[in-house]
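Visitor: got a structure for you, letters missing:
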Ligand SMILES: Cc1cc2nc3c(=O)[nH]c(=O)nc-3n(C[C@H](O)[C@H](O)[C@H](O)COP(=O)(O)OP(=O)(O)OC[C@H]3O[C@@H](n4cnc5c(N)ncnc54)[C@H](O)[C@@H]3O)c2cc1C
Ligand SMILES: NC(=O)c1ccc[n+]([C@@H]2O[C@H](COP(=O)([O-])OP(=O)(O)OC[C@H]3O[C@@H](n4cnc5c(N)ncnc54)[C@H](O)[C@@H]3O)[C@@H](O)[C@H]2O)c1
């Protein structure tokens, strides 16, 4: 048995683990990064980057389909599925190799490959042959896709976010289960690349959209491109060597059985904690997750920290990096554990139109709390720049706190939402008032002008300004 003693052990070399490693290394050289799978991170290998590469191809195909609206007639074009997947993997591999380069630069005694588990508080086993005594431990083990039992019947025709990117070419048809972030991003991209897509959801949920008007609007938009039932009744799934047969209640046709090349399960993700033998860790566990303080990432009063997707606090990349830095620094400086203000909740779904959520979402609050806030609304349908580009679909709802008139949060479904959402996230993070936001410069003609109109509507509802007038002369056409 190989025995190692370190100040800080980090379990998982994903985004959170790597940033934790960098932060802890500023305090000690006695540290160990433990990785069970291949190095390279979920984001680069099977997450953010390959999914955005598929979407980039889809955007180009969509532009071809719609070019006639601008008077541009493209006589002949086709999607070459093999080339789409080849470019995706080529570019994806570049992102992975840049991560691998930085791992290669780490001292050999700082990294180890094998699956870690607790054998006692402060003591880990890695595989069968290595034991690690660690004064402090950062758990950064990420998450894995949930696969509902019914979907396992698809057998070898079952795809997840990792296996999808390994297909040699695009399939002809696919059934996507889960209209969440993963399902919508990948499903819409496949549909725009010519794949016949059906998407099945549960309980009416759509990408976590909280506002009923925005969710209904988005549901209509996606349904114009592919069949999407957010509350599907699926009777049966049968996999074979050639594909998957799915029997379901079609909204118009009643009970039907359809055949697909593949089934993509995108029904959520759960933290990778089961293999850690946490019962030996001495940590307090509630609902299968160690109780963790969000401002320090410390688990109770232990010397263990839990970060990234593994704690499910905010399973997106920039939060994994933020949490990794905070926990790595705290593990390094332990017992002088410091707290930090959290980032404002912020997420973007890279569909088209995009979906974004920032800060406090009033529909998610208890009715008694909702009275503290007012709403500003805006539709992109007549927004100048959005119309110019034929991207005038969607709406936004902004929330402001009564009295203080501080901007509280927003939900968007619309063009360039990834950029609008950054402005709003920065405003929420710095607690700007709606009046202060309106005093900022807005260029013309830009999509941000739509945001200004929504802010003006919000200011009116906060009793800070008169009602909006149509065709506001100050704003320029379509503002
Ligand atoms: C398809 C998809 C698209 C996404 N797109 C985006 C996006 O556009 N923007 C965004 O912000 N987020 C996106 N995300 C989410 C983002 O990828 C994650 O939030 C982020 O990668 C989490 O990083 P992490 O370090 O917590 O986990 P990971 O990067 O998964 O790292 C965890 C590591 O721990 C290792 N591990 C697990 N158990 C053990 C063990 N017992 N011992 C040792 N090692 C172990 C794993 O092998 C893994 O390498 C996407 C996710 C998916 C699936
Ligand atoms: N752009 C981004 O930032 C991005 C992109 C992809 C993933 N992610 C991260 O990955 C996480 C996981 O994404 P996800 O899409 O897998 O999960 P999700 O929780 O966003 O969505 C899962 C969806 O599946 C549905 N569902 C659950 N069981 C079902 C069933 N049996 N049949 C049909 N539908 C079912 C749910 O109702 C939900 O709509 C996200 O929460 C996000 O943090 C982020």
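Guide: Nice, thanks for sending it over. Just so it is clear, the model here is predicted, and its values are computed rather than measured. Ligands and ions are numbered 1, 2, ... in the order given.

Visitor: list the contacts for the closest residue to ligand 1 within the chain?
Guide: With Cβ to the nearest ligand atom, the shortest gap between the chain and ligand 1 falls at residue 14, namely 1.8 Å. Just so you know, the C-beta spots here come from the backbone N, C-alpha and C atoms, and that holds for glycine as well. For residue 14, the contact set (Cβ atoms under 8 Å, 6 or more residues apart in numbering) comprises 41-43, 140, 142, 308-309, 320.

Visitor: got the contact list for residue 106?
Guide: Residue 106 makes contact with 21, 33, according to Cβ under 8 Å, 6+ apart.

Visitor: my error: substitute residue 174 in the last question.
Guide: 159, 187, 190, 195-198, 260-264.

Visitor: which of those residues sit farthest apart?
Guide: 159 and 196 (14.9 Å; Cβ to Cβ).

Visitor: how about the residue nearest the centre of the chain: what's its closest non-neighbour residue?
Guide: With distances taken as Cα atoms, centre = their mean, residue 316 lies nearest the centre of the chain, 5.0 Å away. Of all residues not flanking residue 316 in the chain, residue 347 sits nearest, at 5.5 Å (Cβ to Cβ, 6 or more residues apart in numbering).

Visitor: let me see the confidence value for the one you found.
Guide: With respect to pLDDT, residue 347 scores 98.

Visitor: so it lies in a helix, does it not?
Guide: No - counting by DSSP: H, G, I helix; E, B strand; the rest coil, residue 347 falls outside a helix, being strand.

Visitor: does it have beta-bridge partners, and which?
Guide: With DSSP bridges as the criterion, residue 347 is bridged to residue 357.

Visitor: that one reaches residue 356, doesn't it?
Guide: Yes - Residue 347 sits in contact with residue 356 when judged by Cβ atoms under 8 Å, with a separation of 6.9 Å.

Visitor: and those two? which has more neighbours close in?
Guide: residue 356 (25 against 18; other Cβ atoms under 10 Å).

Visitor: what's near enough to touch that one?
Guide: 346-349, 410-412, 417-418, 420-421, 424.

Visitor: the residue in the chain that ligand 2 sits nearest to: what's it in contact with?
Guide: Per Cβ to the nearest ligand atom, residue 180 is where the chain lies closest to ligand 2, at 1.8 Å. Residue 180 sits next to 205, 207-208, 266-268 when contact means Cβ under 8 Å, 6+ apart.

Visitor: how about residue 295?
Guide: Per Cβ under 8 Å, 6+ apart, neighbours of residue 295: 339-342.

Visitor: on that earlier part again, need the phi and psi values for the residue nearest to the centre of the chain.
Guide: With angles defined as degrees, to the nearest 10, residue 316 sits at phi -130, psi 160.

Visitor: hmm, it is touching residue 345, no?
Guide: No - using Cβ under 8 Å, residue 316 is not in contact with residue 345, being 9.3 Å away.

Visitor: chain neighbours aside, what residue packs nearest to residue 152?
Guide: In space, residue 152 is closest to residue 158, 6.8 Å off (Cβ to Cβ, 6+ apart).

Visitor: ok, residue 334 next?
Guide: Nearest non-adjacent residue to residue 334, counting by Cβ to Cβ, 6+ apart: residue 136, 5.0 Å away.

Visitor: any buried residues in the one helix or strand that neighbour maps to, and which?
Guide: Assigned by DSSP states H and E, residue 136 belongs to strand 130-139. Using 16 or more other Cβ atoms under 10 Å as the test for burial, strand 130-139 gives 130, 132, 134-139.

Visitor: does at least one residue of stretch 131-142 sit close to ligand 1?
Guide: Yes - using Cβ under 6 Å from any ligand atom, stretch 131-142 reaches ligand 1 at 140-142.

Visitor: ok, and what's touching the longest helix seen in the chain?
Guide: Ranked by residue count under DSSP state H, the longest helix found in the chain is helix 81-104. Helix 81-104 is contacted from outside by 13, 18, 39-41, 44-45, 49-50, 53-54, 57, 111, 165-170, 193-194, using Cβ under 8 Å, 6+ apart.

Visitor: and the residues you listed, which of them are buried?
Guide: 13, 18, 39-41, 44-45, 49-50, 53-54, 57, 111, 165, 167, 170, 193-194.

Visitor: out of those, list just those in helices.
Guide: The helices, defined by DSSP H, take in 18, 44-45, 49-50, 53-54, 57 from the buried ones among the contacts of helix 81-104.

Visitor: and the furthest pair within the residues you listed?
Guide: Comparing all pairs in those by Cβ to Cβ, the longest separation belongs to 18 and 57, at 28.4 Å.
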